[in-house]
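Chemist: the sequence and its predicted three-dimensional model are supplied below.
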Amino acid sequence: MTKQLKVEQMMMNAWPALHTVDFEGWKVCFTCGYTKRANSVYPLHDQTTGVSDWAGKIDAVERMYAEQGLPSIFKMTDEPRLSPLDHQLSASGYEKEGATAVMTCSLANVSEPAKQTVEMSLKPTDRWLARYAEMSGSSKLDMAVMQQMLARLEKPACFVILYEGNQDVACGYAVLEDGYTGLYSIVTAPAYRNQGYGEQLVLNLLKWAKLSGATEAYLAVVLDNAPAVRLYGKVGFAEAYRYWYRLKPVATFS
């Protein structure tokens, strides 16, 4: 198994969809439309050989999503074997969006956090959920779906809130699997951004992961989020590969 495929599978486990259909080597995920990552097709083990075969599978997927009132979305990576499918989707009217870098780092040389005023929990507490909603601007409906997703986590996890005095300033969580830790939902309160709190939150999560036996870390960051890319590079992360989405509006079938 390639490192890219391994990370993709771990990302599915750490951000679990509410419903997943195994369809001829594709994982078709549904989560009430909350985030593209949890509402898209992962062609992880595709064995399709030609355009005619893909056309039938794509049509079937579109029908699945249309039944849920959702757009058909594919999560594509830069792995060469997926390039023909990506070209086929483009030719079929799927637009490309959400270009994202997956970054990785070794935990061997990660710095110790300078600020360790944190609250840690193995489950998402009401306080963590409330702070994430405030800092990210998420709606009550989105948070209700997110809470259902997090309840499905089967791997060890750590939910962290970083605070300064009596003010919570940043939060996020990490998930362990097979020597790796993935970082998710990293967010800093708007009034405290660009002051180093995001970096300290990340370092605290990585410290927990290292003490828990992880040796490597990964995360995903949208490429046009330059401040976040710089932050993760400063911590020690480097780009490993890229992914993007191919999206088609909700189809109508007779």
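Modeler: The structure has been received and is ready for your questions. Numbering: from 1, shown residues only.

Chemist: chain center to the helix or strand containing Leu162, what's the gap?
Modeler: Leu162 is part of strand 157-164 when elements are defined by DSSP states H and E. In terms of C-alpha atoms, centre = their mean, to the nearest Å, the centre of strand 157-164 is set 18 Å apart from its chain centre.

Chemist: again with stretch 135-145
Modeler: What separates the centre of stretch 135-145 from the centre of its chain is 16 Å, taken as C-alpha atoms, centre = their mean.

Chemist: can you show me the strands along the chain?
Modeler: Taking DSSP state E to define them, one finds strands in the chain at 19-23, 26-30, 41-42, 72-77, 95-106, 118-121, 157-164, 167-177, 180-188, 216-222, 238-248.

Chemist: I'd like to know which of those strands is closest to Glu134.
Modeler: For the strands of the chain, the distance to Glu134 is smallest for strand 167-177, at 8.4 Å, taking C-beta to C-beta. The C-beta positions use only the backbone N, C-alpha and C, and glycine is treated the same way.

Chemist: for that closest one, name the packing helices and strands.
Modeler: helix 3-14, helix 126-136, strand 157-164, strand 180-188, helix 197-211 (3 or more C-beta pairs under 8 Å, 6 or more residues apart in numbering; DSSP states H and E).

Chemist: let's see 6 Å
Modeler: Counting contacts by 3 or more C-beta pairs under 6 Å, 6 or more residues apart in numbering; DSSP states H and E, strand 167-177 packs against helix 126-136, strand 157-164, strand 180-188, helix 197-211.

Chemist: for the strand holding Leu162, buried residues please.
Modeler: 157-163 (16 or more other C-beta atoms under 10 Å).
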